[in-house]
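need the 3D shape of this:
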Amino acid sequence: MASNFKLLVKGAKQVVLVCKNGEKFLTKEGMQNLAVIENGSVVIGHDGQIKAVGSADSIESRFRDAVFDKVIDATGMCVLPGLIDAHTHPVWAGDRVNEFAMKLAGATYMEVHEAGGGIHFTVKHTRAAPPETLLEGLKGRLERMLRAGTTLVECKSGYGLDLDTELKMLSVIDAAQRSMPIGISSTYCGAHAVPRGKTMEEATEDILSVQLPAIQKQITEGSLQVDNIDVFCEKGVFDLNSTCLILQAGKDMGLNINFHGDELHPMNSAQLGAKLAALAISHLEEVTDEGIAAMAAAKTSAILLPTTAYILRLPCPRARDMLDAGVIVSLGSDFNPNAYCCSMPMVMHLACVTLKMSMPEALAAATINAAYALNRSHSHGSLEPSKQGDLLIIHAPRWEHLIYQFGSHQELIRFVIIKGTIVYENDKVLDL
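Presented below is the predicted three-dimensional model:
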């Protein structure tokens, strides 16, 4: 085949496709039996898409006469799809490290919240911060994520709670999307908390009558891109009725429903999400059996966040029950000032240890299923022809080392590649 291509990754010990038949998500046995090629190669074109993936011999034969801008010899290494972080809050100002000490001393999430910390502390500082400061902070956090293997990340607003700050945050997310290689799915989360001085009913009305119409106007004008809508459906925050009104309004605007539910109390959020055909619901530490069944039937993804339960010492979400019921389980870091973790390899490790997931299940949840939760599984989440050429190459003979070596991704990840371009090259990898 005499042609020009952007990148050849050749002779990898393992190439983990995850899927090979165009699946949009995996459940049950499918999550246990990932597609893996031993001694494989990958070809990426100048359009940033995967052109071929297969055994090293077959790729060498098929592309014998091809010219490549870049060739990576992956002998002894493993190739995996770029990791996808399905839930983050990365745009904020202010430092909440002191709250970690409070939590270690026994304070609950809501007690920190009521003491003037938590979301409202961050709202105060984020409202005061200029966009340039927020963008600088966001870009640094996204770079950390990218170095840990994340190539697509969901980014929420939600530390404004008023129109001006929410628009400022969404614009900052937009600016990062234009200036950085990492892929971003943008989420409006104006219903992250009830602003001080307002009732839940007043906050709901402000979102419905003021914030959403203004966001819709900017989307229509092409000055803003927003993909998803989120609400914190929780006792003392937004109840089921307010959550339903806000999510439906967002859906009517064309936004994907992807919201916080059943985290601290069983709110029947899962059943609501299924009824609204939500793409995904996050947290679910307190989900009921009925909620699990409803999500499985509606093909609503469960975005599980093991860092949150770990840091807040909450009961872990019932991952095994969800997996056994056929729920589309995905993973996110829940990166925020309350849970400072940028590393999806660490999230996958915690999912295996605390949520009792297997390593193949965790990888599927952080790739194809996380892509599904962000409505991107047609283009992301697996190494298949015509999908975006996002991948990472690790300095290890088996892919499982990325999960097994807790906290060692800095010594493992050799390359991070987005659209066939090396965006992070690490020459500090160490042998096992």
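
quick one: low-confidence ranges for the chain?
1-2 (pLDDT under 70).

from the centre of it, give me the residue that's furthest out.
Of all residues in the chain, residue 65 has its C-alpha farthest from the mean position, at 38.8 Å, by C-alpha atoms, centre = their mean.

which residues in the stretch 1-150 of the chain form strands?
4-18, 35-44, 50-55, 67-73, 78-81, 83-85, 150-156 (DSSP state E, counting those that start in this stretch).

now do residue 91 against residue 424, distance only.
Residue 91 sits 22 Å away from residue 424, going by C-beta to C-beta, to the nearest Å. Quick note: C-beta positions are derived from backbone N, CA and C, even for glycine.

more neighbours: those two, which one.
Set side by side, residue 91 and residue 424 show more neighbours around residue 91, with 28 against 19, by other C-beta atoms under 10 Å.

tell me the contacts of the more buried one?
Remark: with contacts taken as C-beta atoms under 8 Å, 6 or more residues apart in numbering, residue 91 is in contact with 126, 134, 137, 138, 155, 156, 157, 159, 169, 172, 173.

next one: it from residue 161, what distance?
13 Å.

now do residue 108
As judged by C-beta to C-beta, residue 108 and residue 161 stand 22 Å apart.

more crowded one of these two?
Between residue 108 and residue 161, counted using other C-beta under 10 Å, the more crowded position is residue 161 (26 against 14).

mind listing what the more buried one touches?
123, 190, 192, 193, 194, 195, 203.

that one looks like it's in a strand, true?
No - looking at residue 161 with DSSP: H, G, I helix; E, B strand; the rest coil, it is coil, so not inside a strand.

now do the strands in the stretch 301-432 of the chain.
Taking DSSP E, counting those that start in this stretch to define them, one finds strands in the stretch 301-432 of the chain at 301-304, 329-331, 391-394, 413-418, 421-425.

quick one: these as TSV, columns for distance to residue 213 too.
Putting these into TSV (distance: least, C-beta to C-beta, whole Å) gives the following:
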stretch	distance to residue 213
strand 301-304	28
strand 329-331	31
strand 391-394	41
strand 413-418	35
strand 421-425	37
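
buried set for stretch 261-281?
If you call a residue buried by 16 or more other C-beta atoms under 10 Å, then stretch 261-281 has these buried ones: 261-264, 266-274, 276, 278-281.

and stretch 37-52, by the same measure?
By 16+ other C-beta under 10 Å, the buried positions in stretch 37-52 come out as 37, 40, 41, 42, 43, 44, 45, 48, 49, 50, 51, 52.

to residue 411, which of the strands of the stretch 1-150 of the chain lies closest?
Nearest to residue 411 among those is strand 78-81 (14.3 Å), distances taken as C-beta to C-beta.

name the surrounding residues that touch the closest one.
For strand 78-81, the external contacting residues (C-beta under 8 Å, 6+ apart) are 9, 12-18, 40, 42, 149, 363, 367-368, 380-383, 390-394, 396-399, 401-402.

list the buried ones in the helix or strand harbouring residue 294?
Assessed by DSSP states H and E, residue 294 sits inside helix 289-298. Residues 291, 292, 293, 294, 295, 296, 298 are the ones in helix 289-298 that count as buried (16+ other C-beta under 10 Å).

possible to save those as JSON lines with distance to residue 312?
Below are those laid out as JSON lines (distance: C-beta to C-beta, whole Å):
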{"residue": "291", "distance to residue 312": "20"}
{"residue": "292", "distance to residue 312": "22"}
{"residue": "293", "distance to residue 312": "26"}
{"residue": "294", "distance to residue 312": "25"}
{"residue": "295", "distance to residue 312": "22"}
{"residue": "296", "distance to residue 312": "26"}
{"residue": "298", "distance to residue 312": "28"}
